[in-house]
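Asker: Take this sequence and fold it.
(chains A, B, C and D)
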2 protein chains.
Amino acid sequence: MSRREATGQLEGALTGPVADRERDTLVACAELFFFAYRDFTAEADKILEQYGFGRAHHRVLHFVNRNPGLRVADLLHILQITKQSLARVLKQLIDEGFVAQRSGKEDRRERLLHVTAKGAKLADKLADLQIRRISAALDAAGPEADAMTRRFLFAMIGEKDRVRVRDLIRLETTDPVSGARALATPEVT
Amino acid sequence: MSRREATGQLEGALTGPVADRERDTLVACAELFFFAYRDFTAEADKILEQYGFGRAHHRVLHFVNRNPGLRVADLLHILQITKQSLARVLKQLIDEGFVAQRSGKEDRRERLLHVTAKGAKLADKLADLQIRRISAALDAAGPEADAMTRRFLFAMIGEKDRVRVRDLIRLETTDPVSGARALATPEVT
DNA sequence: CGATTACGTCAGTGATGCTGACTTATGTGC
DNA sequence: GCACATAAGTCAGCATCACTGACGTAATCG
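Answerer: Numbers count the residues shown, from 1 in each chain, chains lettered A, B, ... in the order given. Below is the predicted model of the structure:
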């Protein structure tokens, strides 16, 4: 049953108050979301510190690791930061040998990004930390938490970005919200 | 079925690799978590900009709004930042009349924090934005998403902090993970 | 061959976090 | 009452990560 249906409002209308009885529950969700994200990133942050890196480096390293051949423009779309903000951390990752570039074969203006062996090692190490936490949390949440959580998180993403994200994360399962299939496309657009 | 059970590992052991077949799904969860949080905060950030505030101001305003009489030390625990980081944003919120302090009656060293009418209005406005997004996402995720998501998010929180958070968010429902009841305690400890 | 695109870079700014040291006011225990 | 602990505020300095705006270079496209 829909939360808004329960309070007599139209499905899909994003205006109007939510019943107070339910409001507290939803606020609790928002607060839990804050605490969960705070601790989701905390472990990885500690490791990154040892390398002199921050969360921004992690994000770049992660998406390049997961999507070899990613272009700079793609990263800008994914991270939603400016070229200048990206440039600083990307330069460090390249200078210290975690990420490498090569020119595109068809379009030699493009710098296709890859992780080095060193970069892959760190990226996987960080991903493992976060994955274990998620795995444990899904177990604690109970059966079906897996698909349910993916649907919830996916629906939290701004509507305009969902297609891009769906293509990026390449889940083999049926697409949770839009109903379309979710197979990987070769390159981010 | 547990993810780790499925790969033949001990329940509760936080070491060892996760099966590759499942690994991609879990990585997708991590990426979805990033995108979801990014967009969860984006709307509120835009409003805050108009007031010259940032996300740090929002967090302070929110928790003071939800927990009138909160002490500065409580906020430091909740936000896990230093006194100096808090001082900057708290001072602004007080100077601009969104938050007020009064000395504790029993211990006059304590400064008990409250929102003003102006502060409550802004805090509620921001909470509504985030609540609507969560409500819509829970609807999209399907029935039972509500309780399931709370259990998942709660389990994502670092073990040591769960009791504190449980007491803070005062959910009327049964506690999702630890199994204990989750009624509000009068003050954060 | 001019316009656009992809990328890199320079200069300056602001928000948010940090450490360490110090002060003030108040409460507590011997 | 005095020593110590606690709650809060403050100062000085620093790092990370974000921003804007402008400009340069190389390559592609029409």
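
Asker: Counting neighbours, what do you get for residue A:39?
Answerer: 20 (other CB atoms under 10 Å in any protein chain shown). Using the backbone N, CA and C atoms, a C-beta is placed for each residue, glycine as well.

Asker: For it, give its distance to residue A:92.
Answerer: 26 Å (CB to CB, to the nearest Å).

Asker: okay, now residue A:24: neighbour count?
Answerer: Counted with other CB under 10 Å, residue A:24 comes out at 14.

Asker: now do residue A:161
Answerer: By other CB under 10 Å, neighbour count at residue A:161 equals 16.

Asker: Might one say that it is in contact with residue B:36?
Answerer: No - using CB atoms under 8 Å, residue A:161 makes no contact with residue B:36, being 10.6 Å away.

Asker: any idea which helix or strand comes after the lowest-mean-pLDDT helix or strand in chain A?
Answerer: Least confident element among the helices and strands of chain A, by mean pLDDT, DSSP states H and E: helix A:3-6 (a mean of 45). Using DSSP states H and E, the helix or strand that directly follows helix A:3-6 along the chain is helix A:20-51.

Asker: Return the set of residues that bridge with residue A:70.
Answerer: residue A:113 (DSSP bridges).

Asker: Check the gap between it and chain B for me.
Answerer: Going from residue A:70 to chain B by CB to the nearest CB, to the nearest Å gives 13 Å.

Asker: Flag the shaky bits of chain A, pLDDT-wise.
Answerer: A:1-21, A:171-189 (pLDDT under 70).

Asker: Tell me how it divides into domains.
Answerer: A:19-141, A:142-189 (automatic domain parsing).

Asker: and of those, who's closest to residue B:30?
Answerer: When the domains of chain A are compared by CB to CB, domain A:19-141 sits nearest residue B:30, at 4.8 Å.

Asker: Now for the residue of chain A found nearest DNA strand D, how many residues are close by?
Answerer: Closest residue of chain A to DNA strand D, CB to the nearest atom of the strand: residue A:54 (1.2 Å). When neighbours are defined as other CB under 10 Å, residue A:54 has 13 of them.

Asker: what do you get for residue A:138?
Answerer: Neighbours around residue A:138, by other CB under 10 Å: 28.

Asker: same deal with residue A:55?
Answerer: Applying other CB under 10 Å, I find that residue A:55 has 12 neighbouring residues.

Asker: My guess is it contacts residue A:47. True?
Answerer: No - between residue A:55 and residue A:47 there is no contact under CB under 8 Å: 11.2 Å.

Asker: Write out the residues of chain A neighbouring DNA strand D.
Answerer: A:52-57, A:79-85, A:88-89, A:106-109 (CB under 7 Å from any atom of the strand).

Asker: What are the contacting residues of stretch A:118-134?
Answerer: A:39-40, A:43-44, A:47-48, A:51, A:58, A:61-62, A:64-65, A:93, A:97-100, A:115, B:14-15, B:17-18, B:23, B:26-27, B:29-30, B:33, B:156 (CB atoms under 8 Å, 6 or more residues apart in numbering or on different chains).

Asker: are any of these buried, and which?
Answerer: Of the members of the contacts of stretch A:118-134, the ones counted as buried by neighbours, 16 or more other CB atoms under 10 Å in any protein chain shown, are A:39-40, A:44, A:48, A:58, A:61-62, A:64-65, A:93, A:98-99, A:115, B:18, B:23, B:26-27, B:29-30, B:33, B:156.
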